[in-house]
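Colleague: sharing a sequence plus its predicted fold:
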Amino acid sequence: MNKREENMEWELEAPYLASLPRTTPFSVPDDYFKHFQSQVESVIFLNGLAEKEDLGFSVPTGYFEDLTSAIQSRITVDSFANREAAFTTPDNYFEKLNAAILSKTISDKPKTKIRRLWGSDFMKYASAACFIILAATGLYLNQQNNLKLERSAELVSEQMLYDIDENVIIEHLNETQTASNLSNAEMESYILENYTSNDISTNL
């Protein structure tokens with residue numbers, strides 16, 4: 001007996017069942033098989049957590065101490081959120097706003113602020129004292145610089161005199177004065193006045 005004959009037999013034995021539409025009585029949600037793996041893994045993870053003995057919940061530090069104030073602040077915030085708008089604008093406010101701004105800006109002239117150069121008498125005297133100190137310092141430094149230049153010029157001229165040879169001095173004296181007028185004592189005093197003992201010893 002083939003498959004068709006078997007189907008004919010049960011249709012004859014159960015005509016009402018055979019007359020029912022041949023549709024699947026089970027329905028599957030949308031994307032069921034797409035999310036099936038992740039759902040199974042999450043169930044396995046949750047079951048593993050439930051089997052652990054040390055599973056517990058942790059409470060933040062000071063949770064119960066701050067709980068009352070947190071609840072009260074939340075209630076206050078919610079009460080303000082449920083109220084109607086606390087600020088109201090006058091009738092036709094935005095229609096008149098442009099004209100009001102223009103009338104205030106056009107009619108009011110800009111006020112010029114006058115600032116005094118010297119805020120007080122103390123500032124005047126302090127600035128005058130600073131100016132005098134700066135001027136005196138500049139004059140003092142200029143004078144010291146001039147003194148240094150003069151001193152350096154004197155040192156240069158003295159050094160030039162020390163560098164002149166004794167024979168040159170004698171020849172110069174011989175040219176300007178006759179030898180009969182100068183004695184050995186006068187020449188000796190001239191050399192001692194213009195030369196140190198160190199210069200004389202080195203030039204001998």
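Modeller: Perfect, thanks for sending it. Residues are numbered from 1 along each chain as shown.
Colleague: any idea how far residue 144 is from residue 133?
Modeller: 16 Å (CB to CB, to the nearest Å). Bear in mind the C-beta positions are built from the backbone N, C-alpha and C, glycine included.
Colleague: and if you look at residue 40?
Modeller: 98 Å.
Colleague: do the same with residue 89
Modeller: With CB to CB as the criterion, residue 89 and residue 144 are 77 Å apart.
Colleague: next one: residue 155
Modeller: Taking CB to CB, one finds residue 155 at 16 Å from residue 144.
Colleague: report how many residues lie close to residue 166.
Modeller: By the measure other CB atoms under 10 Å, the count of residues near residue 166 is 13.
Colleague: whoops, residue 95 was the one
Modeller: 8.
Colleague: distance of it from residue 102?
Modeller: The gap separating residue 95 from residue 102 is 13 Å, by CB to CB.
Colleague: where in this protein is pLDDT low?
Modeller: 1-4, 52-56, 81-87, 107-111, 115-119, 157-164, 175-183, 197, 199-204 (pLDDT under 70).
Colleague: the longest helix belonging to it packs against which elements?
Modeller: Assignment by DSSP state H gives helix 121-163 as the longest helix of the chain. Counting contacts by 3 or more CB pairs under 8 Å, 6 or more residues apart in numbering; DSSP states H and E, helix 121-163 packs against no other helix or strand.
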